[in-house]
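1. how would this look folded up:
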Amino acid sequence: MTPDAARELWTDLQNDLTYRFPLIVETVARLRSRSCIINGEAVACDENGVPSFDRIRYRRHDASVFLYAFDLIELDGDDLRREPLKTRKATLASVLRRAVPGVRMNEHIEADGPTVFAQPSLLRSRLGGRKRPVDQGKIAEITANIHEIERRTSWL
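-> Just a heads-up that it's a prediction; the model follows:
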């Protein structure tokens, strides 16, 4: 990865956010890979550690925004989209092993929907025990699926 390419941050709509979220960019630039494409969500937390969409929208605290990474699309020139989600997540976890604080792994919860919804503690455990609204930001996908750019019926 060239030094400039290592420092680029793009949205799925091709908006360049490289200079908006420096913590994410600096963390990704330090990863031990020549290149990577990570799919994730930029998150800003309030004083209580609760994600706040307003802080992103109104550009408050851009310097402390981190990335919750949930998929790895490319690594060192290898296109991983044909790999099952479970494999991509395991590879992503390995890549991000030392990446904190700018990029955090969005842990995989292997359970059926009713179990996850009935036990918000499963979701809270990913945030270090902090409470957050349990109806925000959930996504479910069949773990054997390959990565597809368009939304599919296999997503929830």
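2. Residue 45 and residue 37: what is the separation?
-> For residue 45, the distance to residue 37 equals 25 Å [CB to CB, to the nearest Å]. The C-beta positions use only the backbone N, C-alpha and C, and glycine is treated the same way.
3. Those two: who's more crowded?
-> Neighbours were counted for residue 45 and for residue 37 using other CB atoms under 10 Å; residue 45 has more, 17 against 13.
4. per-residue confidence at that one?
-> Turning to residue 45, the model gives it a pLDDT of 87.
5. Averaged pLDDT, the longest helix seen in the chain. What do you get?
-> Criterion DSSP state H: the longest helix present in the chain is helix 85-95. If you average the pLDDT over helix 85-95, you get 92.
6. end-to-end on stretch 75-94?
-> In stretch 75-94, first residue to last residue: 12 Å (CA to CA, to the nearest Å).
7. and if you look at stretch 78-88?
-> Length of stretch 78-88, first residue to last, CA to CA: 12 Å.
8. what do you get for stretch 7-20?
-> Length of stretch 7-20, first residue to last, CA to CA: 12 Å.
9. tally of neighbours for residue 114?
-> Applying other CB under 10 Å, we find 8 residues neighbouring residue 114.
10. what residues are up against it?
-> Taking CB atoms under 8 Å, 6 or more residues apart in numbering, we find residue 114 in contact with no residue.
11. how near is it to residue 49?
-> Note on residue 114: its distance to residue 49, by CB to CB, is 27 Å.
12. Also residue 66?
-> 12 Å.
13. In terms of neighbours, single out the busier of the two.
-> In this view residue 66 and residue 49 are compared by other CB under 10 Å, and residue 66 has more residues nearby, 21 against 12.
14. Would you confirm that the more buried one contacts residue 22?
-> No: contact criterion CB atoms under 8 Å: residue 66 and residue 22 do not qualify, at 11.0 Å.
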